[in-house]
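Student: A predicted structure for the sequence below; I have some questions about it.
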Amino acid sequence: MKQKDFYIRVLEFACSKTGIFTLSEIREEFSQEFENIDGLWDAFKRQIMKESILMLPESGPSAFSRDVQDSNKWDSIKLHATVEDRMRLLEYTELQEARQSSEQALGIAIIAIALNVIGLFYTIISG
């Protein structure tokens, strides 16, 4: 099975949590799973700074911007999955299910065509 994208795995992790979690929890969870965790981590932090994934529970973006200026505070920043994050994960799951259904339908269609061709040859041969 193909390895899932880092962002998808983080969304799954975040949506499975019932409460608040820290960035250090995310890093610990995925440090063994992804080889290039440092490069992924830097890109992920940029996405958080743009507020395009996950969110702070109480404080607003200005407090978040203050905290991320201090690199020592990164691991203690607390986040939670937003409704938008949950919708992204739901859309991804639905897309994967649609792809699987499409592959199954293609397989059935190929079998049906093959049976039709065999039936046609049988009809031609038997005259």
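Tutor: Yes, it's here. Computed from a predicted model, the values in this text were never measured in an experiment.

Student: surely Glu28 is within a helix?
Tutor: Yes: the assignment for Glu28 is a helix, going by DSSP: H, G, I helix; E, B strand; the rest coil.

Student: and the next helix or strand past the helix or strand bottoming out on mean pLDDT in the chain?
Tutor: Least confident helix or strand of the chain, by mean pLDDT, DSSP states H and E, is helix 61-69 with a mean of 52. As assigned by DSSP states H and E, the chain's next helix or strand after helix 61-69 is strand 78-79.

Student: helices and strands around that next one, which ones?
Tutor: strand 21-22 (3 or more Cβ pairs under 8 Å, 6 or more residues apart in numbering; DSSP states H and E). In short, each C-beta sits where N, CA and C put it, glycine included.

Student: what sits up against the strand it packs on?
Tutor: With Cβ atoms under 8 Å, 6 or more residues apart in numbering as the test, strand 21-22 has contacts from Phe13, Ala14, Asp75, Ser76, Ile77, Lys78, Leu79, His80.

Student: partner strands of that strand and their direction?
Tutor: Applying DSSP bridges, strand 21-22 is found paired with strand 78-79 (antiparallel).

Student: cheers, nothing more for now.
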